[in-house]
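Asker: With the input below, show me the fold.
(chains A and B)
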Amino acid sequence: MSEPEGRGAAPGQTRERGTSDAAAGHGLPRRQAGSRASAAAISWIREAALLPVLVVLLVVGAILNDHFLTVSNLTGIGQQTAALGVVVVGESLILLIGGMDLSLESTYGLAPMLAAWLIVPVASFGSGTMLNPYLGILLLLAVGAVVGVVNGLLIVKGRLNGFIVTLGMTILLAGIQNGIVKGQSPFNWPPAFGWLGSAEWGAVPVSFVVAAAIFLITGLFLRYHRFGRAIYAVGGNLPAARAAGIKVDRVRIWVYVAGSVLAALGGLMEAGRVSSVASTQGYGEGLIFSVFAAAVIGGVSLRGGRGNMVGAASGVILLGLVQNLLDLENAPNYWIDAIDGAVILFALILARVIGGEASAE
Amino acid sequence: MTDTAVPAVEAAGIHKRFGSTYALRGVDLSLLPGHCLGLVGRNGAGKSTLVSILSGILTQDAGQVLFDGQPAPSDTAGWRGRIATVFQHSMVVPSLTVAENVFLGSQPGKAGLVDWREMRARTRSVMAEWGFDVNASAPCSSLTVEQRQIVEIVRALAAGTRCLLLDEPTAALERGAVQRLFERIRQLRQSGVAILYISHHLEEVFEICTETAVLRDGELVLSAPLAGLSKDDLVTAMVGQVHHPERTHQSPHPSPVSPAVATRAAAAAPGAALTVSDIALDSPGTSLNGVSLTVRPGERLGITGLRGSGATTLARIVAGAVAQDSGTVRLGDRALRPGNRADALRSGVGYIPEDRQADGFVPLLGVAENITMAIVDRLARFGLVSPRRREARAAPLARRLSLVSAGLGQPVGELSGGNQQKVTVARALARDPKLIVAITPTRGVDVASKELLLGELDRAATAAGASLLLATDELDDLAICDRVIVLVRGEIFTEFTDPPFDRERLIAATEGMGAAA
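Answerer: Reported below is the predicted structural model:
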């Protein structure tokens, strides 16, 4: 019909109209190219808000302690924080969709505990099943997936409050973790099960490389995959995402599953690093507080929709550096928690100052 | 209309029921390409339900939705390609860029990977093709309301949709932006886009629509080309028999102002009820540069201006909801503490806030509790408030405003928008105020309720000897005022003292044109 003609005739006049509109003062600044570049620069600065802090910490650490800036110390930090980092990736994904998951810390404990219990002999506090360690690792990941599915279904389909669901779940899982071994710590497993957390490639711990790869891949996935973008849309404005045809429920459930599987993997790293699974691993050590602190310091919003992996990684590194410095300087044992807490508050304030209004909320 | 043309969208015999209430009863509607249909009706007439069904968010109990003569697709994605809705509530994701919001859920790319370059390029080309100008890389959180609306329209166009549903698109726009929107709607229409336009403002419908459909109590009571219809015809159709015929024949700028007003204002005591001196405020979006004014006892003063002119901000300063940088607000001879709402309340300033959802009431609490919220100190005995005392105080107010609820205990969140607004008005009246500050009290309220609300404000002011400060951009509301002050860019531009006020001159003055006599 006449539609193409009408359309064809329109642009000439309308482009002019658009220009005059902008000139009338409602539009964005005319210097679009310039503003785009500066907008990109600002967003990059926001993402890297913690970088200067990390640099300062490195300098301070080097001055305080000769041992601080050595390869062995830095790789040690890498190994110690790898497990935390992997859980932070999981929690960040869940925070991005506007959810929260307290039970990641218990999945981090229960999944390796169940696997180790089935793998090691009775003498080292196992069940005596003597499960193949590779099957054990598969089982560990499956435990993560099951916990994630249950959380996701209860929260998304059951419309239960995520805070309470995962609070109940974290206590339940931690209880199971403690119950199956009656408070003992299984150890002495085949090398395959502990490899991820303890092996090194040259001077570099495998767990560090794997954690770094997980950050990188997740970051790229969030940036360039449609599912990753859907995560931001769901967390940023759920009705809008739904109206845009995004399968909102499916996205949210999958993210809970991914988060729990990552937590289980982090637990495997930690078990390998310390060569046993303590009944307190995760819940008993209050891991979730460090996880939230790292994510929020790194600029992942508790309100959903905002944050990225560069930020989350710098949050993890910051906590790791501080912990390491306290260890090196022989900070008085009874005061470590107080110092830790003060550092978290300080980092939050700093992130707010550097990152502006929207950060650290 | 030719017989051969196929409607872009067609609703046939739509029925929808919520529990025992019928929201829609056999609604038939059709819209041809290149036409703009104005859908009007009072609050609760079924507009929102129909919008939700046409947008594919709700499913009808009976009847059918057709696009281009084909039954509507069953999946959300397919539906979205046929009709796009710009909702009252913004459907953009603020943390994402313009380009990404345009292609939300349908980003270009292969194997699930998003091609950012392509996405930005396609956004720019759609913007250019339709004459829009919004930076594709800007985050949506940095956009104005108008620009966000453009993003939503461009989203629809980019998806190939040739049928747009605009739900109260002008509610949050200032006048200049409204004109630009109308320009865009005309242009879209000429290109063969079908537009369903939902609005409370009949003059908007007359300005840009080609035909109209009127819903009343879930039924379609009128569907006709607009040519040959008058505003009165529409109001009659919307309101039905309840509406008094003499009211529909009022002039387009009704003014209840009678000679009595002038005499009352003149007879008022010489001492000012409200004295505002040299108010200055510098804040992002709005600034005020030394505004002074007085309101006499019993006087009804209107303040108006474009968004950002400072009209609403000034009213909020008087109510104590915002603190000024400098200057004083005096009620009688008492200076109010800046930005202290509790102080203003105790001194006798009743306040009807602009955003009733956010500031006007507590949705989970009952009608009576909300109405008496500001007078709890007077109701309480030793800190305890008996529900009976509360209801005894709330009931007469609710009756006076003809507030419809299932009882004074019903949570306000369950009421219709118009009744919610009545609750906030009742709350402002509850404390026998000396001055009532009202900011756009009729926003989102249907025509008949508007008259009632304004009439009640007017009566309350008269009965209690209270003054009224009405800040609004709805020029029709100003008809109840004795005097109107127009603000432009934070300063008093001009003053109108002789009601009835001329609409054209008011509009001109808000734009900063033409000094009033």
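Asker: Smallest gap between chain B and chain A, at which residue?
Answerer: B:Gly131 (2.6 Å; Cβ to the nearest Cβ). (Glycine included, C-beta is placed from N, CA and C.)
Asker: I'd assumed B:Gln187 was in contact with that residue.
Answerer: Yes: look at B:Gly131 against B:Gln187 with Cβ atoms under 8 Å: they come within range, at 6.9 Å.
Asker: Neighbour count: the two, which is higher?
Answerer: B:Gly131 (21 against 17; other Cβ atoms under 10 Å in any protein chain shown).
Asker: any idea how far the more buried one is from B:Glu183?
Answerer: 9 Å (Cβ to Cβ, to the nearest Å).
Asker: send the alpha carbons of stretch B:394-401 over as CSV?
Answerer: Backbone C-alpha positions of stretch B:394-401 (Å, rounded to 0.1, in the frame of the first residue of the first chain) are rendered in CSV as follows:
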residue,chain,number,x,y,z
ALA,B,394,-12.7,9.5,59.8
ALA,B,395,-16.3,8.7,58.9
PRO,B,396,-17.6,12.3,58.4
LEU,B,397,-14.6,13.1,56.2
ALA,B,398,-15.0,10.0,54.1
ARG,B,399,-18.7,10.8,53.7
ARG,B,400,-18.0,14.4,52.7
LEU,B,401,-15.6,13.3,49.9
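Asker: For it, what is the distance to the chain centroid?
Answerer: 24 Å (Cα atoms, centre = their mean, to the nearest Å).
Asker: And for stretch A:290-298?
Answerer: The answer for stretch A:290-298 is 8 Å, by Cα atoms, centre = their mean.
Asker: now that stretch: mean pLDDT?
Answerer: Averaging pLDDT along stretch A:290-298 gives 91.
Asker: Repeat that for stretch A:214-232.
Answerer: Confidence for stretch A:214-232, expressed as mean pLDDT, is 93.
Asker: For that stretch, list every residue counted as buried.
Answerer: Residues of stretch A:214-232 classed as buried by neighbour count (16 or more other Cβ atoms under 10 Å in any protein chain shown): A:214-215, A:218-219, A:221-222, A:224-232.
Asker: Next, the distance between the ends of it.
Answerer: End-to-end span of stretch A:214-232 (Cα to Cα, to the nearest Å): 19 Å.
Asker: roughly how far out does stretch B:422-431 sit from the chain middle?
Answerer: 19 Å.
Asker: I would like the residues contacting that stretch, please.
Answerer: B:345, B:348, B:350-353, B:356, B:360-361, B:367, B:370-375, B:378, B:393-394, B:397-398, B:400-403, B:412, B:415, B:436, B:438, B:441, B:449, B:453, B:456-457, B:460, B:464 (Cβ atoms under 8 Å, 6 or more residues apart in numbering or on different chains).
Asker: hmm, back to that, and the residue of chain B closest to chain A, what pLDDT?
Answerer: 81.
Asker: same thing with A:Val257?
Answerer: 98.
Asker: ok, now B:Ala517?
Answerer: 40.
Asker: just to revisit the earlier point, among the buried residues of stretch A:214-232, name the ones that also lie close to chain B.
Answerer: A:224-230, A:232 (Cβ under 8 Å from any Cβ of the partner chain).
Asker: now these in JSON lines, with distance to B:Ala194 and secondary structure?
Answerer: Shown next, in JSON lines, are these (distance: Cβ to Cβ, whole Å; DSSP: H, G, I helix; E, B strand; the rest coil):
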{"residue": "A:Tyr224", "distance to B:Ala194": "36", "secondary structure": "helix"}
{"residue": "A:His225", "distance to B:Ala194": "35", "secondary structure": "strand"}
{"residue": "A:Arg226", "distance to B:Ala194": "30", "secondary structure": "helix"}
{"residue": "A:Phe227", "distance to B:Ala194": "34", "secondary structure": "helix"}
{"residue": "A:Gly228", "distance to B:Ala194": "35", "secondary structure": "helix"}
{"residue": "A:Arg229", "distance to B:Ala194": "30", "secondary structure": "helix"}
{"residue": "A:Ala230", "distance to B:Ala194": "30", "secondary structure": "helix"}
{"residue": "A:Tyr232", "distance to B:Ala194": "32", "secondary structure": "helix"}
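Asker: What residues does the stretch 51-200 of chain A have near chain B?
Answerer: Counting by Cβ under 8 Å from any Cβ, no residue of the stretch 51-200 of chain A sits close to chain B.
Asker: What residue in the stretch 51-200 of chain A comes nearest to chain B?
Answerer: A:Leu96 (9.7 Å).
Asker: Torsion angles phi and psi at that residue?
Answerer: phi -60, psi -30 (degrees, to the nearest 10).
Asker: and what of B:Ile57?
Answerer: phi -90, psi -40.
Asker: Let's see the pLDDT reported for the nearest residue to it once chain neighbours are set aside.
Answerer: Closest residue to B:Ile57 apart from its sequence neighbours, by Cβ to Cβ, 6 or more residues apart in numbering or on different chains: A:Ala243 at 7.4 Å. Listed pLDDT for A:Ala243 reads 78.
Asker: Enumerate every residue touching the residue of the stretch 51-200 of chain A closest to chain B.
Answerer: A:222, A:231-232, A:235, A:255, A:300, A:304-307.
Asker: Repeat the analysis, applying 6 Å as the threshold.
Answerer: Contacts for A:Leu96 were tallied using Cβ atoms under 6 Å, 6 or more residues apart in numbering or on different chains; they are A:231, A:235, A:307.
Asker: quick one, what contacts the residue lying closest to B:Pro225 once chain neighbours are set aside?
Answerer: The spatial neighbour of B:Pro225 that comes closest, neighbours along the chain excluded (Cβ to Cβ, 6+ apart), is B:Glu211 at 4.6 Å. B:Glu211 makes contact with B:37, B:225-226, according to Cβ under 6 Å, 6+ apart.
Asker: Let me know the closest of these to A:Leu58.
Answerer: The nearest member of the contacts of B:Glu211 to A:Leu58, counting by Cβ to Cβ, is B:Leu37 at 65.6 Å.
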